[in-house]
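Undergrad: dropping a prediction and its sequence here:
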Amino acid sequence: MCKNGEPDWFVLVGFLHDLGKVLCLFGLPQWAVVGDTFVLGCPFPDTIVFSEFLKDHADLLVPEFQARPTGIYERGCGLRNAVRTFSHDDYMARVLREANAQAPERLPEAAFDVVEFHSLYPWHNAGSYRELMDDHDREVLPTIQRFQQYDLYTKDNRPPKLGEVRQYYDALFQRYLPPIIRF
Ligand SMILES: [Fe+2]
Ligand SMILES: [Fe+2]
């Protein structure tokens, strides 16, 4: 447990959750890797940041996507079953799942959800997509919201001293990750 009372795996996820941004170093355009995510196949809520730029989106001309609030999905289908815009979230969640399967200790399912959904701001921050949620989403949502207070921007202006934190992080890596992570 860390000094904020969060479980150790939460700290690990805080350290790793954005590493999917390495995709930019491998040629993916920035718009496909970073930024907030949203659900495809249903109407775009105006809680999507800069949603005004979606007014010419080709999906608005697809009747099945627009005919009802849930679009092509059944109510309560579960957000992990809905197609979302690709981002570093999705990629890193896959990397982490595969890596953790080879590690000494399994992460809780919520760890992968935090990574996979941390950029889905219209959902966890603005209350959209409630009609797509299933029991799993309702259970994990408070954890994803709790994670937000640790995401984005510098939390402490004093940079950590590597010598003081190295041992703690190395122990986390050894517990939850194999020696080599495949990206
Ligand atoms: Fe991120
Ligand atoms: Fe982040």
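TA: Looks like it arrived, so ask away. Ligands and ions are numbered 1, 2, ... in the order given.

Undergrad: where does pLDDT dip in this protein?
TA: The chain contains no residues with pLDDT under 70.

Undergrad: would you mind listing what in it touches ligand 2?
TA: Contact residues, the chain versus ligand 2 (C-beta under 5 Å from the ion): Asp18, Asp151. For every residue, glycine as well, the C-beta is placed using N, CA and C.

Undergrad: against ligand 2, how distant is the residue of the chain most remote from its centre?
TA: Using C-alpha atoms, centre = their mean, the residue of the chain lying farthest from its centre is Gly163. It sits 29.6 Å away. From Gly163 across to ligand 2, the span is 25 Å (C-beta to the ion, to the nearest Å).

Undergrad: give the buried residues for the helix or strand hosting that residue.
TA: Taking DSSP states H and E as the criterion, Gly163 maps to helix 162-176. Using 16 or more other C-beta atoms under 10 Å as the test for burial, helix 162-176 gives Leu172, Tyr176.

Undergrad: which residues touch it?
TA: Asp8, Trp9, Val11, Leu12, Phe15, Asn100, Ala103, Pro104, Glu105, Leu107 (C-beta atoms under 8 Å, 6 or more residues apart in numbering).

Undergrad: nearest to Val39 among those residues?
TA: Closest to Val39 out of the contacts of helix 162-176 is Leu107 (25.0 Å), distances taken as C-beta to C-beta.

Undergrad: residues contacting that closest one?
TA: Leu107 neighbours (C-beta under 8 Å, 6+ apart): Trp9, Leu12, Val13, Leu96, Asn100, Tyr176.

Undergrad: and if we set it to 6 Å?
TA: Contacts here follow C-beta atoms under 6 Å, 6 or more residues apart in numbering; on that basis Leu107 touches Trp9, Asn100, Tyr176.

Undergrad: just say helix, strand or coil for it.
TA: coil (DSSP: H, G, I helix; E, B strand; the rest coil).

Undergrad: now it: how far from Leu172?
TA: Distance, Leu107 to Leu172, using C-beta to C-beta, to the nearest Å: 11 Å.
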